[in-house]
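Student: Quick one: sequence and predicted model below, then my questions.
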Amino acid sequence: RALEQVAEHDAALGALATRLAELAYLLGDVGVELARYADGVQSDPARLEGVHQRRAELATLARTHGGTVAEVLDWAEDAGRRLLELDRGEDRAHEVREALQEVDTELTDLAATVSRTRADAATRLSEAVTAELSGLAMASARLEVGLDASPEPGPWGAEDVTMTLAAHGGGAARPLGQGASGGELSRVMLAIEVALATAPASGAARPPTFVFDEVDAGVGGRAAVEVGRRLAELAQQAQVVVVTHLAQVAAYADHHVVVTKSQGDGGDVVTESDVTVVQGQDRVAELARMLSGSEDSASALEHAAELLQRSVVGP
């Protein structure tokens, strides 16, 4: 109304007053329409409460199973699939029982095959090792490979493998770790390795290197020669390193290395070790020293030379 009053003095304000009057008319008309619409709306407090509760539940699900409603819906779909699987749980359990029975049957058959093969191998290994021991100053020794049934088949079959040794004639067989001396254990190991190395190839990889320390303990004479020969046979299949004090064993070596210890210069308490490879006449002299304690003994030198001539194992 104030604009209409001043419009008499300014034509531009008159145009604005006219437009404003039109807007007032339109707003009044819209207000009437809104009032009419509001009168037709049915109020439902219970439904409104339900909508609020649903929104709260969706917010909780979004926090628990993803950040968005889409992720919640994906989770619901996956849960539905899992629920369907649970609903057919009895059918699924029956399928699992049948599959388990098939696997159990296959396991039993495979375990039986392993057991038969193992029993045959155990007999052959026992006989081969026992035969080897007879030439290693253990003429009455007997190695037995036992197969003890397991309560249930495992990754290695249906039995546990044990090795027992009767070191003397008439003696009871005892586990390898009980009752056998260090020298006996070393010779049993040697006998086993020789037996395996000289057996027909089975496709299994053999160790590339063997180290024997004092394998000739308590052995002398002809038995020592047999120990050396057995080691030389094993050396045809792999690298063999032997620590020995017996000339009969050292004579079979392809490479003879002498290790000596001495006190440091100036009376120092620190011990020095020297390693020397001996060949030719030096090796004969070293073998003579090992035989008699003297490398100048004519008989010992002759014996050492004879040992070298006889201690040859062909390829």
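Tutor: That came through, no problem. As the structure is a computational prediction, the values presented were derived from the model and not from experiment.
Student: following the helix or strand where residue 108 lies, which helix or strand shows up next?
Tutor: Using DSSP states H and E, residue 108 falls within helix 89-134. Where DSSP H and E defines the elements, the next helix or strand beyond helix 89-134 is strand 142-154.
Student: Tell me which residues of that next one come out buried.
Tutor: The neighbour-count check on strand 142-154 (16 or more other Cβ atoms under 10 Å) flags 142, 143, 144, 145, 153 as buried. For glycine as for every other residue, the C-beta is placed from the backbone atoms N, C-alpha and C.
Student: so what does the helix holding residue 108 touch, helix or strand wise?
Tutor: In terms of contacts (3 or more Cβ pairs under 8 Å, 6 or more residues apart in numbering; DSSP states H and E), helix 89-134 is packed against strand 142-154, strand 157-166, helix 182-197.
Student: Let's see that with 10 Å instead.
Tutor: With contacts defined as 3 or more Cβ pairs under 10 Å, 6 or more residues apart in numbering; DSSP states H and E, helix 89-134 has these neighbours: helix 69-87, strand 142-154, strand 157-166, helix 182-197, helix 221-234.
Student: quick one: which of the ones you listed is nearest residue 309?
Tutor: Each of the helices and strands packed on helix 89-134 was scored for nearness to residue 309 using Cβ to Cβ, and the closest is helix 221-234 (12.8 Å).
Student: what sits up against the next helix or strand after that closest one?
Tutor: Tracing the chain past helix 221-234, the next element assigned as helix or strand by DSSP H and E is strand 239-243. Identification of contacts with strand 239-243 by Cβ atoms under 10 Å, 6 or more residues apart in numbering yields 190, 193, 197, 207-216, 227-228, 231-235, 249-250, 252-255, 257, 259.
Student: low-confidence ranges in the stretch 1-150 of the chain?
Tutor: 1-11 (pLDDT under 70).
Student: can you rerun that using 50?
Tutor: The model of the stretch 1-150 of the chain has no residue with pLDDT under 50.
Student: Residue 180: neighbour count?
Tutor: 19 (other Cβ atoms under 10 Å).
Student: That one: which element?
Tutor: Per DSSP H and E, there is no helix or strand for residue 180.
Student: I figured it hits residue 165, correct?
Tutor: Yes - in this structure, residue 180 is within contact of residue 165 by Cβ atoms under 10 Å, at 5.5 Å.
Student: Name the nearest residue to residue 288, sequence neighbours excluded.
Tutor: Excluding its sequence neighbours, the residue lying closest to residue 288 (Cβ to Cβ, 6 or more residues apart in numbering) is residue 300, at 3.8 Å.
Student: In terms of pLDDT, where does the one you found sit?
Tutor: Residue 300 is assigned 91 on the pLDDT scale.
Student: Does residue 245 belong to a helix, a strand or coil?
Tutor: Here residue 245 takes the coil state, with states given by DSSP: H, G, I helix; E, B strand; the rest coil.
Student: Who are the contact partners of it?
Tutor: Contacts of residue 245 (Cβ under 10 Å, 6+ apart): 214, 216, 217, 290.
Student: Is there a quick PyMOL command that grabs whichever of those residues are buried?
Tutor: To isolate the buried members of the contacts of residue 245 in PyMOL, using 16+ other Cβ under 10 Å:
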select buried, resi 216+217+290
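Student: export the contacts of residue 245 to CSV and tack on distance to residue 60, pLDDT and secondary structure?
Tutor: What follows is those, written out as CSV (distance: Cβ to Cβ, whole Å; pLDDT from 0 to 100; DSSP: H, G, I helix; E, B strand; the rest coil):
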residue, distance to residue 60, pLDDT, secondary structure
214, 76, 76, coil
216, 81, 78, coil
217, 78, 76, coil
290, 88, 92, helix
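Student: is it fair to say residue 248 lies in a helix?
Tutor: Yes - Residue 248 forms part of a helix when assessed by three-state DSSP.
Student: Hmm, residue 137 and it touching each other?
Tutor: No - Residue 248 is not in contact with residue 137 according to Cβ under 10 Å; the separation is 11.5 Å.
Student: anything in contact with each of those two?
Tutor: Common neighbours of residue 248 and residue 137 (Cβ under 10 Å, 6+ apart) are 216, 219, 220, 221, 222, 223, 224, 226, 227.
Student: can you tell me which two in those residues are farthest apart?
Tutor: Checking the shared contacts of residue 248 and residue 137 with Cβ to Cβ, the most distant pair is 216 and 222, at 12.4 Å.
Student: and for those two, which residues touch both?
Tutor: 137, 248.
Student: hmm, back to that, same list (the shared contacts of residue 248 and residue 137) but as CSV, adding distance to residue 23.
Tutor: As requested, those are exported to CSV (distance: Cβ to Cβ, whole Å):
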residue, distance to residue 23
216, 121
219, 124
220, 129
221, 131
222, 131
223, 127
224, 126
226, 125
227, 121
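Student: and those, which are buried?
Tutor: Looks like those have 216, 219, 223, 224, 226, 227 buried, using 16+ other Cβ under 10 Å.
Student: Between these, which sits nearest residue 95?
Tutor: Of these, the one sitting nearest to residue 95 (Cβ to Cβ) turns out to be residue 227, at 61.9 Å.
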